[in-house]
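Asks: Got a sequence here, can you build the structure:
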Amino acid sequence: MLIGYQSLNSSSSSDHGASSTADQHFANLTHRNAYKSVSDMSDPDAMDFVLEYPQGDDTNAIYAGPSALKKTARPNAVARGEHTGAQLVTNVTAKAEQFRQIAARIPDATGSGNGSLLDLMVLGEIDTSHPDWQSIHKLLGQPLGAPDHGTKTCQAFSVHPRSTSTKILGQDTGWVAVELASRMIVFVHVPNSIAKSRNCVTEFYKKIISKVGRLPDLVMGDTNQRTKGFTEECLNASYQNMNYATIDPGSTIHASDVYGREHVGTNSNGKMMYDVAVYSKAHFGIAPTMAYVSQFGVDKSKPVARQHVGGYEYIDHEVVALTDHMGMIVHYP
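Replies: Alright, predicted model coming up:
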C-alpha cells in the first residue's frame, strides 16, 4: 500500500474556496526561510530537485528520466496577493502529480521502483469537493465525502482513494478515520489549542476510538507535537497494548524532492517534527517505511522565459512554497 498525505496552509474561514488557502502567512515564511538558506549556498540557482512533467499528458503514466534543478523564486513570491486561488489550484495539482511520481519510485521488496500508483491520497486543510478544486479530480479522482460546511478550511480533509472499497469511518474536528484494505488509518490535524498538553492530546485520541469503535492501525498528519515521540506516547496512553511507534526518518530528513539539503524538522523553519506517521506494532508484522516530500513545488501558474547557454530561449518554472508542512508517503506490504 502507498498512502500520501499533504497538509496545506489555510485560514480559519468556513468558505472552502481556494482563496482561503492562497498566499497564507506560514507558507510565505517557509518560502522566505528557504530562499535565505539557498542564497547562502555556493549555487543560489539550485535548490529543489523538482520533478516536472508535460502538461496535458496521460496522468496515469509514470514518467522516466532525470529530474531538473529549479531556481527558487524571489523572496516575496508567496506574499499575500501574489497568487490567486485559481493559480494555487494549478500548483497544488502539480504537487499532487509529483506525489504520484515519487510513490512510483519507492522501492518494492526487490529494491527497485515498484511503479505503483498511490492507493490513497489525503490533503489536509482544503476541501476539494468545492468547485474551485475540480481540476484536481482528473488526477486523483472524486473525493470521498466532504467536510461539513461549518468546518473551518484549516480543519478540513479531502480523501481521494484509488479503490471504491475505501470508506470514511468517522470524522470530527482535527481528524478523519479511513478504512483501507481492512486497516484503519487516522489522518490528524491536532488543534494548536491542545497540542502542548499531554492530557488533552491523549483525550483527543481517546475520543477517536469512542466515536469510531476501532483502534487505529496508523496515525499520520500534522500532529503539532513540540517534542519527538510525543504523539506515540499519547497514543500508547490512549490505546494500551497497541505498542505504537513513530516511523523514524533518521537523525535528519532528506525530502524526496529536495537536492543537497537536510532538515531536522518538517515545519516552516525545518526544526519541529510536526508531521509524522505512527504505526501499531501489534497490527503491522513489518514496520512501514516513509518518504518525506518538501513544502515546495514548481510555480506552474507563472512560467518564466530563460536564456539557455546554447543561445536559445526556453520556458521554465521556478520553485515556490505551497505550504508550511512537509508531506509524506507511507509504504507497507
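Asks: Can you list the low-confidence ranges for the stretch 1-150 of the chain?
Replies: 38-67, 109-115 (pLDDT under 70).
Asks: Mind jotting down where the helices sit in it?
Replies: Remark: helices assigned in the stretch 1-150 of the chain by DSSP state H, counting those that start in this stretch are 25-39, 85-104, 137-140.
Asks: For residue 304, find the nearest of those.
Replies: For residue 304, the closest of the helices of the stretch 1-150 of the chain is helix 85-104, at 14.0 Å, according to Cβ to Cβ. Just so you know, the C-beta spots here come from the backbone N, C-alpha and C atoms, and that holds for glycine as well.
Asks: Buried ones in the closest one, by neighbour count?
Replies: If you call a residue buried by 16 or more other Cβ atoms under 10 Å, then helix 85-104 has these buried ones: 85, 87-104.
Asks: Same check on stretch 170-184?
Replies: Buried residues in stretch 170-184 (16+ other Cβ under 10 Å): 170-171, 174-180, 183-184.
Asks: Neighbours of residue 289, how many?
Replies: Other residues within reach of residue 289, judged by other Cβ atoms under 10 Å, total 14.
Asks: so where do the strands sit in the stretch 101-250 of the chain?
Replies: 120-124, 157-161, 167-172, 175-180, 183-189, 218-222, 244-246 (DSSP state E, counting those that start in this stretch).
Asks: In its sheet, which strands sit next to the last one, and in what direction?
Replies: Translated: strand 244-246. Applying DSSP bridges, strand 244-246 is found paired with strand 275-280 (antiparallel).
Asks: wait, what's in contact with the closest residue to residue 254 other than its chain neighbours?
Replies: Closest residue to residue 254 apart from its sequence neighbours, by Cβ to Cβ, 6 or more residues apart in numbering: residue 262 at 6.2 Å. Residues near residue 262 by Cβ atoms under 8 Å, 6 or more residues apart in numbering: 252-254.
Asks: CA atoms only for stretch 311-318, dumped as PDB, please.
Replies: In PDB, the C-alpha atoms belonging to stretch 311-318 read as follows (Å, rounded to 0.1, in the frame of the first residue of the first chain):
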ATOM      1  CA  GLY A 311      21.800  30.600 -27.200                       C
ATOM      2  CA  TYR A 312      18.100  29.900 -27.300                       C
ATOM      3  CA  GLU A 313      15.200  30.900 -25.100                       C
ATOM      4  CA  TYR A 314      13.100  28.400 -23.200                       C
ATOM      5  CA  ILE A 315      10.200  28.300 -20.800                       C
ATOM      6  CA  ASP A 316      11.000  27.300 -17.200                       C
ATOM      7  CA  HIS A 317       9.200  27.300 -13.800                       C
ATOM      8  CA  GLU A 318      10.600  28.500 -10.600                       C
END
